[in-house]
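Peer 1: when you get a sec, could you give me coordinates for this:
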Amino acid sequence: ITTLISTVALSKMLSLASASTLSLAPAALMRAPAVRTAAPVMESKAELESLAGKLNPVIGYWDPLNLADYDQWSQGQEAAIGFLRHAEIKHG
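Peer 2: Numbers count the residues shown, from 1 in each chain. As a prediction, this is how the structure comes out:
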């Protein structure tokens, strides 16, 4: 009986010990947050027009839906252009 009790006690201690080491495992695998090297640049409609002329002189600036003038959430033209460029990069 003593052997049975010590075996049960030993197995409980081992399970508690392995559970405590597993609970620390995710903390060891965490990485430091990424550091941004440059501040994000918001562009205006004039900057988009000049950039379009440099990138594709044949077509130039083409915005048939006037999305550059779109002011979503009343944050200004630069924020709207940044939002749309982010969506274009993310979704292709």
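Peer 1: what's the burial count for Lys45?
Peer 2: By other C-beta atoms under 10 Å, 17 other residues sit near Lys45. C-beta here means a position set from N, CA and C on the backbone, and glycine is covered the same way.
Peer 1: with adjacent residues omitted, what lies nearest to it?
Peer 2: Ala68 (4.4 Å; C-beta to C-beta, 6 or more residues apart in numbering).
Peer 1: using the three-state scheme, assign the one you found.
Peer 2: Here Ala68 is recorded as helix under DSSP: H, G, I helix; E, B strand; the rest coil.
Peer 1: Pro33 versus that one, what's the distance?
Peer 2: Per C-beta to C-beta, to the nearest Å, Ala68 is found 33 Å from Pro33.
Peer 1: likewise for Leu65?
Peer 2: The value you get for Leu65 to Pro33, if C-beta to C-beta is used, is 37 Å.
Peer 1: equivalent analysis for Trp73, please.
Peer 2: The value you get for Trp73 to Pro33, if C-beta to C-beta is used, is 27 Å.
Peer 1: that older thread, what pLDDT does the residue nearest to Lys45 get?
Peer 2: In this model, Ala68 is scored at 86, pLDDT.
Peer 1: can you check Ile81 too?
Peer 2: The predicted local confidence for Ile81 is 88.
Peer 1: what is the burial count for it?
Peer 2: Using other C-beta under 10 Å: Ile81 sits among 20 other residues.
Peer 1: for the helix or strand hosting it, which positions count as buried?
Peer 2: Assigned by DSSP states H and E, Ile81 belongs to helix 77-91. Neighbour-count burial for helix 77-91, counted by 16 or more other C-beta atoms under 10 Å, picks out Gln77, Ala80, Ile81, Gly82.
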